[in-house]
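got a sequence here, can you model it:
(one chain, ligands or ions: 1)
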Amino acid sequence: MVGALLGLGWRILHSMSPMRAWRILHSTPAWLLDAIARASGRPPPPGLDGEILGRRVESLVGIAAGLDKDARLLWVAWAMGAGFHVVGSVLPEPYEGVEPKILVRLPDGGTLNRLGLPSPGPGPVVERLSGERPPGMPVAVNVAAFTPEGYGRVYRAVEPVADWVEVNISCPNVEAHRSFEDPEVASAICDHLRPRGKPVLLKIPPTLDERRLEGYLDLARSCGFSGIVAGNTLRVRVDGYNAGLGGPRLFPVTLRMVRLLRSWSPRGFTIIAVGGISDGARALEALEAGANAVEVLSAVIHRGPMAPWLIAREASSLLRR
Ligand SMILES: Cc1cc2nc3c(=O)[nH]c(=O)nc-3n(C[C@H](O)[C@H](O)[C@H](O)COP(=O)(O)O)c2cc1C
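Predicted coordinates:
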């Protein structure tokens, strides 16, 4: 029975375009999603337990920002067997994102998306995270804004209800957001966002430019952040629009970033790998390269809701061999 209801829901969603499925997920009442998820139950621990930012987790594989913009999928993430769950990006006020919105599956297991950071603002997110929370699954909130001051506002709103906060400076499909990809421009965020107690991680774009990567590490450390989420979707042009590429093609870049960041960073600095982790072998490679945990998203869009759990189980059985 575990996952059966989610599995049925997934088969229905998978038969439509991912954009339509995403819209349906984001317009289905949260109480209905909670009820389906609770009836499905949580699968048994997949065997890849560990610790992230001082929290014990059943699995080091979590769900990346973008699936759950407004915290309506907390119990769904729990029933998916996620080790942890990232809500967002949350903006300081409601924002519709860009038009036309694009979300497609690519034949290689990847995704292309152009949503442009749609967000209901912090209100509904804080409300849902203040309610009953799924046990044993930390929930992080990913924040973004179009001004440094906006980062400060959204951070102060969500920090009390988050287990940790990700600061997203790397959305590829919003023009106004792109300037924060420059570590020097992003440093202005620090003046408005100083960690108050909960850990804060900087979510950076995929890059093979070592000077830029060092710039991100310096930025995270000088802001007093606890670590880095490396990386995000890669900016590409589709039909004249900017869009973000996710999936296996990113993996070599993700792995290189993790290796370099681990070799440069002080003990205790947290690195979460995201980008192209589509199976257990890749998850294990990222962990062995120095990541403390991994996040997945394109894999969920391709492999279905149990992807985080399946990837953790594959990694743990490879580890035992
Ligand atoms: C549909 C979609 C929406 C996304 N929205 C966000 C977002 O709001 N904030 C963010 O930091 N990353 C967002 N991302 C990026 C993912 O969190 C992740 O970093 C990226 O997809 C790479 O991982 P993957 O190869 O497993 O997909 C989004 C990705 C997708 C596919």
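
distance check, Glu149 against Asp49.
40 Å (C-beta to C-beta, to the nearest Å). For the C-beta atoms, the positions are set from N, CA and C on the backbone; glycine is no exception.

go on, Pro148?
Taking C-beta to C-beta as the measure, Pro148 falls 38 Å from Asp49.

so which residue of the protein comes closest to the ligand?
Residue nearest to the ligand within the chain (C-beta to the nearest ligand atom): Gly66, separated by 2.3 Å.

who does Val87 bridge with?
Val141 (DSSP bridges).

need the contact list for it.
When the contact criterion is C-beta atoms under 8 Å, 6 or more residues apart in numbering, the partners of Val87 are 65, 68-71, 74, 125, 129, 139-142.

in strands only, show me those.
139-142 (DSSP state E).

and these as CSV, adding neighbour count?
Below are those laid out as CSV (neighbours: other C-beta atoms under 10 Å):
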residue, neighbour count
Val139, 25
Ala140, 28
Val141, 28
Asn142, 26
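
of the residues you listed, which are in range of the ligand?
Restricting the ones in strands among the contacts of Val87 to those near the ligand by C-beta under 6 Å from any ligand atom leaves Asn142.

let's have the ones in strands among the contacts of Val87 in JSON lines, adding pLDDT.
As requested, the ones in strands among the contacts of Val87 are exported to JSON lines (pLDDT from 0 to 100):
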{"residue": "Val139", "pLDDT": "98"}
{"residue": "Ala140", "pLDDT": "98"}
{"residue": "Val141", "pLDDT": "98"}
{"residue": "Asn142", "pLDDT": "98"}
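
quick check: which element contains the residue nearest to Arg42 when sequence neighbours are not counted?
Spatially, and ignoring its direct neighbours in sequence, Arg42 is nearest to Trp78 (5.5 Å; C-beta to C-beta, 6 or more residues apart in numbering). Applying DSSP states H and E as the criterion places Trp78 in helix 74-79.

can that helix be found next to the ligand?
No. In terms of C-beta under 6 Å from any ligand atom, no part of helix 74-79 sits within range of the ligand; the closest distance is 13.4 Å.

what is that helix packed up against?
Contacts defined by 3 or more C-beta pairs under 8 Å, 6 or more residues apart in numbering; DSSP states H and E place helix 74-79 against helix 30-40, strand 85-90.

ok, of the ones you listed, where does mean pLDDT dip lowest?
For these, the weakest mean pLDDT is recorded on helix 30-40, namely a mean of 90.

buried sites along that one?
Residues 30, 33-34, 36-37, 40 are the ones in helix 30-40 that count as buried (16 or more other C-beta atoms under 10 Å).

for stretch 164-172, same thing?
164-172.

include distance to Gly276 and pLDDT when you put these into TSV, please.
Shown next, in TSV, are the buried residues of stretch 164-172 (distance: C-beta to C-beta, whole Å; pLDDT from 0 to 100):
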residue	distance to Gly276	pLDDT
Trp164	23	98
Val165	24	97
Glu166	18	98
Val167	22	96
Asn168	18	94
Ile169	20	90
Ser170	15	79
Cys171	18	70
Pro172	15	70
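
just those that are near the ligand?
Applying C-beta under 6 Å from any ligand atom to those, one finds that Asn168 fall near the ligand.

can you tell me which two in the buried residues of stretch 164-172 are farthest apart?
Taking C-beta to C-beta, the two most distant members of those are Trp164 and Pro172; they sit 23.2 Å apart.

would you put the C-alpha positions of stretch 45-63 in CSV?
C-alpha atoms of stretch 45-63 as CSV (Å, rounded to 0.1, in the frame of the first residue of the first chain):
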residue,chain,number,x,y,z
PRO,A,45,14.1,4.2,5.7
PRO,A,46,16.0,3.6,2.5
GLY,A,47,19.3,3.0,4.4
LEU,A,48,21.2,6.2,3.6
ASP,A,49,20.8,8.0,6.9
GLY,A,50,23.0,10.7,8.2
GLU,A,51,23.2,14.2,9.6
ILE,A,52,22.6,17.5,7.8
LEU,A,53,23.3,20.8,9.6
GLY,A,54,23.0,19.1,13.0
ARG,A,55,19.8,17.3,12.2
ARG,A,56,19.5,13.5,11.9
VAL,A,57,17.8,12.4,8.7
GLU,A,58,16.6,9.0,7.5
SER,A,59,18.0,9.8,4.0
LEU,A,60,20.6,12.2,2.6
VAL,A,61,18.5,12.7,-0.5
GLY,A,62,16.1,15.6,-0.4
ILE,A,63,13.7,17.4,-2.7
